[in-house]
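Visitor: Prediction below, plus the sequence it came from.
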Protein chains: 2
Amino acid sequence: MNYFSSDFKLGILGGGQLGKMLLYETRKYDIYTLILDPSNEAPSKVACNEFYQGDLMDFDTVYEFGKKADVLTIEIENVNVDALEKLEDEGKKVFPSPTTLRTIQNKATQKLFYKDKEIPTADFTRFAYTSEIQAAVRNKTLDFPFVWKSARFGYDGQGVKVVKSYSDLDALPNVECIAEEMVPFKNELAVIVARNPDGQIAVYPVVEMEFHPEANQVEYVICPARIEESVAEEAQRIALKVSESFNHVGLLAVEMFQTENDTILVNEVAPRPHNSGHYSIEASYTNQFEQHLRAILNLPMGSTQSKVAGIMVNLVGAEGYQGPVVYENIEEILKLDGVTPHIYGKKETRPFRKMGHVTIVNEDMTEARKVAQKVKETIQVISK
Amino acid sequence: MNYFSSDFKLGILGGGQLGKMLLYETRKYDIYTLILDPSNEAPSKVACNEFYQGDLMDFDTVYEFGKKADVLTIEIENVNVDALEKLEDEGKKVFPSPTTLRTIQNKATQKLFYKDKEIPTADFTRFAYTSEIQAAVRNKTLDFPFVWKSARFGYDGQGVKVVKSYSDLDALPNVECIAEEMVPFKNELAVIVARNPDGQIAVYPVVEMEFHPEANQVEYVICPARIEESVAEEAQRIALKVSESFNHVGLLAVEMFQTENDTILVNEVAPRPHNSGHYSIEASYTNQFEQHLRAILNLPMGSTQSKVAGIMVNLVGAEGYQGPVVYENIEEILKLDGVTPHIYGKKETRPFRKMGHVTIVNEDMTEARKVAQKVKETIQVISK
């Protein structure tokens, strides 16, 4: 199929900021796009050819939407996989595959997958309900402290909790979950791997998440990671193994820990463009969104090398502000060289809501890091 | 006015490929956009917030459209300037200014403007009608050969003709025109200058148009131009002078000749993002479209420096093909590193129609030039 001249239609499940950035690239390639999103104010609405409002978890909605497209992809994992499976059975191309999505959607099955494929990951125990954990601690099959993770719908910070005592346990929802060994780590790393149906593979440089020294929050995503070459090679090798194990088509972002003794452990994956790859829009020869399109359309993979060093700062809603958003001092950061804001177009801010990101690029990493700090200290996402 | 959080609306006259690329950037900044274009199949239609179909030369259409926006800009010069003047009188911000547009729309007044401002340009004589030229030649106030240019609506090749004899003259339309001295030149260069209402100025590196050795057609736009540093500085100095002379706000692309004795002569200007700046999307810290937005919104100017060398190849319809477009071998060029196609989304090709462009970037200019040649030799815009 020639994606550049036929009546080809690409369907995207989810029309948030990732969908929006993916749509920039579909415009470059002139690909006809359909978006399904529950919100009538979805950021992607303005840049797609056809917009459908509907529940991504509803079988009929996803199935009917999917029938309109030639290739289907996602910008969010929480979609109705049964519908995608039926569409795939009926001959639609669905990337990532429903099987992969099903494995990833549940953190317990995702972790079991790693164990099965001999991919290094922190040890864990699986529980059908949080309430079963107490007995395990009493029976000495589990010790405090550990990391509790809900098996389903765990997002950035929500659904993850360090548990140090019985009272911590009591505060948790009684759901399917895992208790994961606490591994002291030096660095949180990520590697994006892209693969097309022909099996051509492209792997991006390792990026590093730099945390705020006090608040336990990622402040900067830095490419390339400031780590030893041997560690970087190991991280890329493992990321490739994860992609191959899933027989994955499209982008796969693999989040990893570099432990204190330089072991790499896989934390979790995202089978789509990912926050850790946003730097690539300004820094890479082929940005992650274009690469995802190339992969799912079975086009040749593009170069994953960087033109310059890149650092990404998330723009999240400041604490204490809720309502119509204001990007305070955005004009100040535009005075700094190599600074590009990406505003996602959400109308309302609330504390910690992802409202955009800023990329800082520079030939020199040290300089980029300085500018990134200035950006971080200057811009504030508040309300009117 | 805060463009990032208010009910600000940007109106763009023209919704072709330039408008479309400008819209990518409005998405990044989350700017609300209105487009006016005569074609209901305009490439920009899919990426703007509100689309209006209408005649850009019609007073009422432009005036009524303009009233809906807070700031107005253009992606094409042939618009109704009277309407823009009225809008400006009523307090709308219009960039470029209607005065500048009026000067530029007519090649005779544009040339007179350069003379008036002591900006170097080839000598010329102005004629109300082509038919008056014969008398001038007979009276020896003009000699063959010279370059005939129609004063209005002259576009790439159309409206420009080298006249060597009376019979050449007979073939020309009888319209307002100029007869311009033929100046032998080494290089055709261009410099893009951006200026915001506060007067902050940013100037891009000089680019070079490389012509096909036989066909008289630009094959490659190359940044930076492979010329002596002193010539580049002179070209930038003159481009800045042109921008200042117009008191210009927004982008101004200044096309110039480098004569055989290294003099710089201004050929013509475009008061908007321009083909000669397309390389900047992949190569520059701030691409021309983002820079135009920064300028007209009175934001700080971004860095005009390049991350890497950039070469642009236009994708024009091949001779002998007319109808639904096919980009033959596009998958082949995607195998080459640093190659990005931009497909404008026009449904039908015809000989020499601009259908898209391809950017080639590389750390090394010699390598970029080699890849560009491969791209040029590989991809073909044909019809089904």
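Guide: Sure, I can see it.
Visitor: Identify the residues contacting the residue nearest the centre of chain A.
Guide: Central residue check for chain A by C-alpha atoms, centre = their mean: the C-alpha nearest the mean position is that of residue A:274, 3.3 Å away. With contacts defined as C-beta atoms under 8 Å, 6 or more residues apart in numbering or on different chains, residue A:274 is in contact with A:190, A:192, A:251, A:253, A:288. C-betas here are computed from N, CA, C, even on glycine.
Visitor: buried sites along the helix or strand hosting residue A:341?
Guide: Take DSSP states H and E as the rule and residue A:341 turns out to sit in strand A:339-343. By neighbour count, with 16 or more other C-beta atoms under 10 Å in any protein chain shown as the criterion, the buried positions of strand A:339-343 are A:339-343.
Visitor: Quick check: neighbours of that strand in the sheet, parallel or antiparallel?
Guide: Strand A:339-343 sits in its sheet next to strand A:354-362 (antiparallel), going by DSSP bridges.
Visitor: Using CSV, write out every CA atom in the partner strand.
Guide: As requested, C-alpha coordinates have been extracted for strand A:354-362 and formatted as CSV (Å, rounded to 0.1, in the frame of the first residue of the first chain):
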residue,chain,number,x,y,z
LYS,A,354,0.9,17.8,32.4
MET,A,355,0.3,21.0,30.4
GLY,A,356,3.2,21.0,28.1
HIS,A,357,7.0,20.6,27.9
VAL,A,358,10.0,22.7,27.0
THR,A,359,12.9,21.4,25.0
ILE,A,360,16.4,22.9,25.4
VAL,A,361,19.0,22.1,22.8
ASN,A,362,22.6,23.1,22.6
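Visitor: what element comes up after that strand heading to the C-terminus?
Guide: Sequence order places helix A:365-378 as the next helix or strand after strand A:354-362, per DSSP H and E.
Visitor: Going by neighbour count, which residues in the longest helix along chain A are buried?
Guide: The residue-count maximum for a helix in chain A (DSSP state H) belongs to helix A:229-246. Judged by neighbour count using 16+ other C-beta under 10 Å, the buried positions of helix A:229-246 are A:231-232, A:234-236, A:238-243, A:245-246.
Visitor: Same question for stretch A:300-307.
Guide: The neighbour-count check on stretch A:300-307 (16+ other C-beta under 10 Å) flags A:300-304, A:306-307 as buried.
Visitor: still on that earlier bit, would you mind putting the buried residues of strand A:339-343 into JSON lines with pLDDT and distance to residue A:171 alongside?
Guide: Rendered in JSON lines, the data for those read as follows (pLDDT from 0 to 100; distance: C-beta to C-beta, whole Å):
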{"residue": "A:339", "pLDDT": "98", "distance to residue A:171": "41"}
{"residue": "A:340", "pLDDT": "97", "distance to residue A:171": "41"}
{"residue": "A:341", "pLDDT": "96", "distance to residue A:171": "37"}
{"residue": "A:342", "pLDDT": "96", "distance to residue A:171": "36"}
{"residue": "A:343", "pLDDT": "94", "distance to residue A:171": "36"}
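Visitor: What is the nearest of the residues you listed to residue A:110?
Guide: Of all these, the one sitting nearest residue A:110 is residue A:342; the distance, using C-beta to C-beta, is 28.8 Å.
Visitor: tell me which residues form a beta bridge with that closest one?
Guide: Taking DSSP bridges, one obtains residue A:357 as the residues bridged to residue A:342.
Visitor: where does the stretch 1-150 of chain A dip in pLDDT?
Guide: Within the stretch 1-150 of chain A, the stretches with pLDDT under 70 are A:1-6.
Visitor: ok, 90 please
Guide: Segments of the stretch 1-150 of chain A classed as low confidence (criterion: pLDDT under 90) are A:1-7, A:24, A:27, A:41, A:43, A:46-47.
Visitor: And the strands in it?
Guide: Taking DSSP state E, counting those that start in this stretch to define them, one finds strands in the stretch 1-150 of chain A at A:9-13, A:32-37, A:50-53, A:71-74, A:93-94, A:124-127, A:146-150.
Visitor: need these in CSV with distance to residue B:313, can you?
Guide: Converted to CSV, those look like this (distance: least, C-beta to C-beta, whole Å):
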stretch, distance to residue B:313
strand A:9-13, 26
strand A:32-37, 25
strand A:50-53, 32
strand A:71-74, 28
strand A:93-94, 31
strand A:124-127, 53
strand A:146-150, 50
